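**Student:** the following comprises the amino acid sequence and a computationally predicted model.
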Amino acid sequence: MTKLRGLLAGLVLIVLANAAVLAGVAWNRRGEPEAVVTLTERELQIPWDAEADEDDTGLILRLEWNPRWTAGSATPAALPATTLRELGFRLAPPPGRTEPPRTAWVVLEMEGEAWQRWLAKRRREEDERRRKAGPGDCPPVSDFEQMEVRGSRLILVDAGLDREALRRRHPDRSRSLIVPGVVQADGVVSELQLESIHVPLRLRPVLDEVVKAEEVRRHRIAGAEDGPRPPRYRANVAFGRRGEPWLVRVEKLPPPLTPPAGFASAPRPAPPGGCSG
Amino acid sequence: MTEPLLSKPEAQRRADRIAAFRAELAALEAGGVLVLPQEQRAAVGRHHDEALRELAERFDVDVAEGEKRLSVGMWVASFLGATALALSVFLFFQRFWGLLTTPVQVAILVAAPVVALGLTELAARRERTGTFASLLGLVTLACFVLDLVMLGLIFNIVPSANALLAWALLGMVIAYAYGLRLPLAAGVVCLLLWLAAQVGTWSGMPWDSSLGFPEHYALAGLAVLAVPLVFKHRRRSELEKVYRLVGLIAVLSALLWLSSDWHDSRLPLEPELLKILYQVLGFAAPAGAIAAGLWKRWGDMVYVGATFFVIHLYARFFDWWFDWMPQYLFFLILGLTAVAALAVLVRLRRALAARRRP
């Protein structure tokens, strides 16, 4: 390859690769979005660990979702066996062998029936655990209260290989979004293939205000932690033909006049001797 | 010139032969074994001076030992410089990208590798050693990596292994256009990762999970090893070595990994059988590499094979004996093995030198 040919080939390669990426973006966003969902700070979080990083001026929101956490366990609930079979998993692999993970479309529903059902089930489980603990014992450690008032309401409801079939099963495009994810052999959806959304410059003002306010708050109260608080912004997020999202609008939310359910509830008092840990 | 030369390594070998001839002639003359008539001596000297001048002019070969050492230093500096410059480009963009609108971000990202490629061309025209072109070639590749990674981030694109293929191709284009080994090494590593990712995606696995299985690297490494066998490098023979080294290191590393963690295998065999298979292959493959290297006179293959053989041997000693053997005895065995390995390596070195002799 001569130098001139090499230079031309390199230029063509750079231009073609960029054109392919940008054409893919245009195709994803062409026409009506596949779904447009309104999310709040509970589902789209500013990564606070990066707030003071002067060397990175970009802003990315982390998409928080609930893989259906189960009470007293660090593992979320598994998908049903029929779904796993549809995804191509062998339900009884040879002993000592594990199946590798697989990619699939996963359906997340925003504050729908699935969320309400999950909330009610978890509340029952928590009550049961407290009853079992007895009056003199320390209350069982749980992050349920946090999840109830601060956690994401975007909950996993389904998974499959056929996106159209999933959309027919979950037709509400303002609540159900279908995105690419990774399913493990034990039926747990371990991750979404995209868990962050970039904020373009034109949508930054509201979020910059929140970042600044948070910086001031943390500066004033050294070691301040994220306590329960109502969401401060909401955003419309569109999902395109390839399941790739983009931010459409970001709005500031006014502080609520009365604290929402969960904020007023005081934690159960500790026994007279106190609790260790 | 008395013989047509095709590549820089061949030119370098001829320059080395002239230097060796001169040194030997001086030794023979000093010992009184051979004394050439003054006229012949001067003619040979003039002929060699002329040949060295031409070689240096056409191929920028090192005509003295000091120059060779300097060249190695220049390549190391070139690699370190390219890494620092690439980091600088990345951090510069990260420092300011949040202040830019999306079209400006895209324009900068697309322009960066184009400008860097232009600078590589300029450096290659102005300077024959290729050191600056190599540095700028690596920077071009880094800008292209930044370009695709940041576009993915800005437009929330699902990460794809195909970006690895694009980076591999650009590394290769730069390497073949200017005869540079460092950009080729970076490109071949990207190609290896892309191939390893493909093996898993064929079975429905996410491409990044596919990179967690050593057998995928072994297969990709074999494919990379086969490249110079399928595509003969007549003009750029010095670049063949890059494929050999990257491919061989990938295959042997994968086998070393599997010989310790055979549970990471995807082969449908009993765990005990897998353990035996990979522990045998862990010895057989490096030994095969040493034999092939000796046969084909590829010194790099011999050294890589020997290194992996010794590492594998030590890893097995640790697995088999460390727990039940007194520690002084274990380390004594390691030490004696090292002495034995050195003796074998000295013999291999001699055998290689003997095969290299014209």
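**Tutor:** Here it is on my side, so go on. Keep in mind it's a predicted model, so treat the numbers as computed, not measured.
**Student:** what ranges do the helices span in the stretch 101-250 of chain A?
**Tutor:** Using DSSP state H, counting those that start in this stretch, the helices assigned to the stretch 101-250 of chain A run over residues A:113-133, A:144-149, A:163-169, A:204-220.
**Student:** show me what from the stretch 1-150 of chain A comes close to chain B.
**Tutor:** By Cβ under 8 Å from any Cβ of the partner chain, the residues of the stretch 1-150 of chain A that approach chain B are A:1-3, A:5-7, A:9-11, A:13-15, A:17-18, A:21-22, A:24-25, A:54-60, A:88, A:94, A:96-97, A:100-103. Heads up, the C-betas are built off the backbone N, CA and C, glycines and all.
**Student:** any idea which of the helices of the stretch 101-250 of chain A is most buried?
**Tutor:** helix A:144-149 (a mean of 17; mean count of other Cβ atoms under 10 Å in any protein chain shown).
**Student:** that helix - contacts with which helices or strands?
**Tutor:** Applying 3 or more Cβ pairs under 8 Å, 6 or more residues apart in numbering or on different chains; DSSP states H and E, one finds that helix A:144-149 contacts helix A:113-133.
**Student:** quick one: mean pLDDT for the helix it packs on?
**Tutor:** Computed over helix A:113-133, the mean pLDDT rounds to 83.
**Student:** same check, this time on stretch B:241-253
**Tutor:** Taken as a whole, stretch B:241-253 carries a mean pLDDT of 94.
**Student:** and stretch A:21-41, by the same measure?
**Tutor:** 95.
**Student:** thought residue B:200 was touching residue B:217?
**Tutor:** No. Counting by Cβ atoms under 8 Å, residue B:200 stays clear of residue B:217, with 10.9 Å between them.
**Student:** can you say which of the residues of the stretch 1-150 of chain A next to chain B are buried?
**Tutor:** Using 16 or more other Cβ atoms under 10 Å in any protein chain shown as the burial test, the residues of the stretch 1-150 of chain A next to chain B include A:1, A:6-7, A:9-11, A:13-14, A:17-18, A:21, A:24-25, A:58-60, A:97, A:100-103 as buried.
**Student:** residue A:158 is in contact with residue A:68, correct?
**Tutor:** No. At 11.2 Å, residue A:68 does not count as touching residue A:158 under the criterion of Cβ under 8 Å.
**Student:** give me phi/psi at residue A:39?
**Tutor:** phi -120, psi 160 (degrees, to the nearest 10).
**Student:** pretty sure it is touching residue A:110, no?
**Tutor:** Yes. At 6.7 Å, residue A:39 and residue A:110 qualify as touching, with contact defined as Cβ under 8 Å.
**Student:** give me the common contacts of the two.
**Tutor:** Residues touching both residue A:39 and residue A:110 (Cβ atoms under 8 Å, 6 or more residues apart in numbering or on different chains): residue A:154.
**Student:** neighbour count: those two, which is higher?
**Tutor:** residue A:39 (27 against 23; other Cβ atoms under 10 Å in any protein chain shown).
**Student:** what's the distance between the more buried one and chain B?
**Tutor:** Applying Cβ to the nearest Cβ, to the nearest Å, the value for residue A:39 to chain B is 14 Å.
**Student:** let me see the contact set for that residue.
**Tutor:** Contacts of residue A:39 by Cβ under 8 Å, 6+ apart are A:110, A:154, A:234, A:235, A:237.
**Student:** which residues touch the closest residue to the fourth one other than its chain neighbours?
**Tutor:** Pointing back at residue A:235 there. In this structure, residue A:235 finds its nearest non-sequential neighbour in residue A:250, 4.6 Å apart by Cβ to Cβ, 6 or more residues apart in numbering or on different chains. Residues near residue A:250 by Cβ under 8 Å, 6+ apart: A:199, A:203, A:206, A:207, A:233, A:234, A:235.
**Student:** ok, 7 Å please
**Tutor:** A:203, A:206, A:207, A:233, A:235 (Cβ atoms under 7 Å, 6 or more residues apart in numbering or on different chains).
**Student:** now those residues in a markdown table, with pLDDT and distance to residue B:128?
**Tutor:** A markdown table is the format used below for the contacts of residue A:250 (pLDDT from 0 to 100; distance: Cβ to Cβ, whole Å):
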| residue | pLDDT | distance to residue B:128 |
| --- | --- | --- |
| A:203 | 94 | 52 |
| A:206 | 91 | 57 |
| A:207 | 91 | 53 |
| A:233 | 93 | 59 |
| A:235 | 95 | 57 |
